[in-house]
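> Have a look; sequence and predicted model below, questions after that.
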Amino acid sequence: MIGLGVLVVIGAVAAFGIWAATHGSGAGAGVGRRGAAADGQGNAADDQRRAAAGSAGGGLAAYLERWVAADLISPEQAKAIAAHEGRAVAARAPAGERRISLIAEALGYVGAALALAGAAVGLGQAWDGIPAWGRVAIAAGATALLLLGGFLLLRQTEPAFRRLQSVLWFLATGAAVWTLVVLGVEYLGLSDDERMVLLVGAGTAALAAVLWAVRRNALQHAALFAALLATLIGAVLCLPGEAPIWVYALLVWALGVAWGLLGWFRVLEPWWLGMALGSVAAMIGPAIGIGDYPWLLVAALATSVFLMVVSLPTGQVPLLGVGTVGTFGYLTWAVFRYFGDSLGVPLTLVIVGGVFLALAVVAGRLTQVTRVRHRRSRSRPAAG
């Protein structure tokens, strides 16, 4: 009964979101149709004024006047352009209007979280009395309900429902982990086996890849990255013998580098999240085994310096931040490891402080340069 209650709670949360989405979209469509009909009754002068107001400082009207004066377009074409842009501006909903307020959305998430938490506590108390097939059915049913709720919200354009769809699929990925763990324990006998990591990672990665391909949201992107990392770690765990810790360090580092490059070349979307996850993973990876294998410091410092250097021509200040933090952390570790005993703690702290001040000056200078170049790169298309 507890398991059935969990499925009912999950289904109720998903169903409420879908019901609100369909009713809200219908109301919004009616408002849009009425607004479009009202706009169609305006004249060309009103359209031109609205277009001028929608552009920065009446820029469109000024452009049209110059183009007509230069005989690039006729006055009739200028009026047609102004009318078209005026209708486009009027059709766009005001930025302050939301069909669902942020407060209501936040309260909805809090209520859903509390309901799911209560169901999880009740399920945990009754878990030992549920047969194996029932445990698998509960986990798989929860996954299916979350996936179905996300699919039913795919066509919604309201930002709140698009976020809900992304959250449902993110939770579905977590429910898939739960399903695979229960399946491995109850039917495959993998409770104390490294193959469990590979099973869960590979199965979750397959689902996360499909969900990310359908809707390339940030949550689906993050789930795919985590699942692939678990898959690679599980694959190493299943190799004969025991792999040294540096293998895992380089594995995380290599995945981070590859992921960051895929984001850099816009293969992964959102690209900024691919660069963020990749740079952080590449930065953290060497730290996993640097205590036993100091030569990993080479890869760590090379990555940190690379991130700082590449941020200069690209204007990516976050890369500069990650690189600066990594450089400071690894240099501090190196100073304490190799000079802590010979120089003493006070002098070592002075050296570390000097390194920190130097990095602060360099980072500040690079930040100014990257921001200036970023603004110049953004202004060139507008000037053209």
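Sure thing, it's come through. Residues are numbered from 1 along each chain as shown.
> and stretch 175-187, which residues are buried?
Using 16 or more other CB atoms under 10 Å as the test for burial, stretch 175-187 gives Ala175, Ala176, Val177, Trp178, Thr179, Leu180, Val181, Val182, Leu183, Gly184, Val185, Glu186. Every C-beta, even on glycine, is put in place using the N, C-alpha and C of the backbone.
> And the average pLDDT for it is what?
Mean pLDDT, stretch 175-187: 94.
> Over to stretch 147-155?
91.
> where does the protein have low pLDDT?
Along the chain, the parts satisfying pLDDT under 70 run over 1-58, 89-100, 313-315, 340, 342-345, 348, 356, 359, 363-364, 366-384.
> Arg155: how many residues sit nearby?
11 (other CB atoms under 10 Å).
> Can you flag which of the buried residues of stretch 175-187 belong to helices?
If you go by DSSP state H, these have Ala175, Ala176, Val177, Trp178, Thr179, Leu180, Val181, Val182, Leu183, Gly184, Val185, Glu186 in helices.
> The last one and Glu194, how far apart?
Pointing back at Glu186 there. As judged by CB to CB, to the nearest Å, Glu186 and Glu194 stand 18 Å apart.
> Could you do the first one as well?
Look at Ala175 and Glu194: by CB to CB, they are 23 Å apart.
> residues of the strand or helix carrying Thr303 that come out buried?
Counting by DSSP states H and E, the element that carries Thr303 is helix 296-314. Across helix 296-314, burial judged by 16+ other CB under 10 Å covers Leu296, Leu297, Ala299, Ala300, Leu301, Thr303, Ser304, Leu307, Met308, Val310, Ser311, Leu312.
> Could you tell me which residues make contact with the nearest residue to the first one once chain neighbours are set aside?
The spatial neighbour of Leu296 that comes closest, neighbours along the chain excluded (CB to CB, 6 or more residues apart in numbering), is Pro286 at 4.1 Å. Going by CB atoms under 8 Å, 6 or more residues apart in numbering, Pro286 touches Ala249, Leu250, Trp253, Leu296, Leu297, Ala299, Ala300, Thr303, Tyr330.
> Equivalent analysis for Arg337, please.
Pro294.
> next one: Leu347
Not one residue lies near Leu347 by CB under 8 Å, 6+ apart.
> what about it, helix or strand, and which?
Counting by DSSP H and E, Leu347 is found in helix 345-383.
> in this structure, which spans are helices?
2-40, 44-54, 59-69, 75-91, 102-126, 132-152, 159-186, 195-214, 218-237, 245-264, 271-284, 296-314, 317-343, 345-383.
> Ile290 is nearest to which of those helices?
Across the helices of the chain, Ile290 has its closest neighbour in helix 296-314 (4.5 Å, CB to CB).
> so what does that closest one touch, helix or strand wise?
helix 245-264, helix 271-284, helix 317-343, helix 345-383 (3 or more CB pairs under 8 Å, 6 or more residues apart in numbering; DSSP states H and E).
> Could I have the CA atoms of the helix holding Thr303 written out in CSV?
Coordinates of each C-alpha in helix 296-314 appear next as CSV, following Å, rounded to 0.1, in the frame of the first residue of the first chain:
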residue,chain,number,x,y,z
LEU,A,296,49.8,14.9,-11.6
LEU,A,297,50.7,18.4,-10.6
VAL,A,298,51.9,18.9,-14.1
ALA,A,299,48.5,18.2,-15.6
ALA,A,300,46.8,20.3,-12.9
LEU,A,301,48.9,23.4,-13.4
ALA,A,302,48.9,23.0,-17.2
THR,A,303,45.1,22.9,-17.1
SER,A,304,44.9,25.9,-14.8
VAL,A,305,47.2,28.1,-16.8
PHE,A,306,45.5,27.0,-20.1
LEU,A,307,42.1,28.1,-18.7
MET,A,308,43.5,31.5,-17.7
VAL,A,309,45.2,32.0,-21.0
VAL,A,310,42.3,30.9,-23.2
SER,A,311,39.9,33.2,-21.2
LEU,A,312,41.8,36.3,-22.6
PRO,A,313,40.9,36.2,-26.3
THR,A,314,37.5,34.7,-25.7
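> Name the residues that touch that helix?
246, 249-250, 253, 257, 279, 282-283, 285-287, 289-290, 316-320, 322-324, 326-327, 330-331, 333-334, 362-363, 366, 369-370, 373-374.
> cutoff 6 Å now
249, 279, 282, 286, 289-290, 319-320, 322-323, 326-327, 330, 366, 369-370 (CB atoms under 6 Å, 6 or more residues apart in numbering).
> Show me how to select, in PyMOL, the buried members of these.
Selection of buried members from the contacts of helix 296-314 for PyMOL, criterion 16+ other CB under 10 Å:
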select buried, resi 249+279+282+286+289+290+319+320+322+323+326+327+330+366+370
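> For the contacts of helix 296-314, which two are the farthest from each other?
Gly289 and Val369 (34.6 Å).
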